[in-house]
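Trainee: got a sequence here, can you build the structure:
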Amino acid sequence: MKYQNNIRKIKKRIISILDKYFGNDYILFLFGSFAKNKIDNLSDFDLAIYSKNPIPPSKIVKVKEELETKAGTLRDIELINLTQEVDSLLLKNILEEGILWKKTKNSEELLRNLRKHLKNLKR
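Mentor: Modelled structure (predicted):
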């Protein structure tokens, strides 16, 4: 139970930091070992962000640095930018096994766009 409370606090901090940079126009996935609840000492936080507008890589670097210093995870954070080129298998994994951590009023539209993007990658 204490573990789940810690995850909730970390999630809240992560979303607060991302909101500062992206407003309310993005969706965020947790994927990997934390999403599958298969956590060990080497597990990092695997996050993927998607927005209607492209996110410059320099902004991702800046956000990732702030996440690692202020989110309080004591673990590495991987932040995948889904508005850039991404491997189709990784995107498929995120969409199928990831947990949608941040929803917005246009979440359904953003999810449709991501699924459409995945179909186009498979061609």
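Trainee: going forward, measure contacts between C-alpha atoms and count neighbours the same way
Mentor: Fine.
Trainee: what's the closest non-adjacent residue to residue 43?
Mentor: residue 33 (6.5 Å; Cα to Cα, 6 or more residues apart in numbering).
Trainee: burial count for that neighbour?
Mentor: 16 (other Cα atoms under 10 Å).
Trainee: show the contacting residues for it.
Mentor: Residues counted as contacts of residue 33 (Cα atoms under 8 Å, 6 or more residues apart in numbering) are 39, 43, 44, 45, 46.
Trainee: distance check, it against residue 53.
Mentor: Using Cα to Cα, to the nearest Å, one gets 28 Å for the distance from residue 33 to residue 53.
Trainee: how about residue 122?
Mentor: 22 Å.
Trainee: ok but residue 79 is inside a strand, no?
Mentor: Yes - assigned with DSSP: H, G, I helix; E, B strand; the rest coil, residue 79 falls within a strand.
Trainee: for it, give me its contacts.
Mentor: Applying Cα under 8 Å, 6+ apart, the residues contacting residue 79 are 46, 47, 48, 49, 60, 64.
Trainee: out of those, who's the most crowded?
Mentor: That'd be residue 47 among the contacts of residue 79, by other Cα under 10 Å, with 23 neighbours.
Trainee: just say helix, strand or coil for that one.
Mentor: strand.
Trainee: pick out the most distant pair among the contacts of residue 79.
Mentor: Based on Cα to Cα, the longest span within these runs between 46 and 60 and measures 13.6 Å.
Trainee: surely residue 43 touches residue 77?
Mentor: No - judged on Cα atoms under 8 Å, residue 43 makes no contact with residue 77 at a distance of 9.5 Å.
Trainee: shared neighbours, those two?
Mentor: Joint contacts of residue 43 and residue 77 (Cα under 8 Å, 6+ apart) do not exist.
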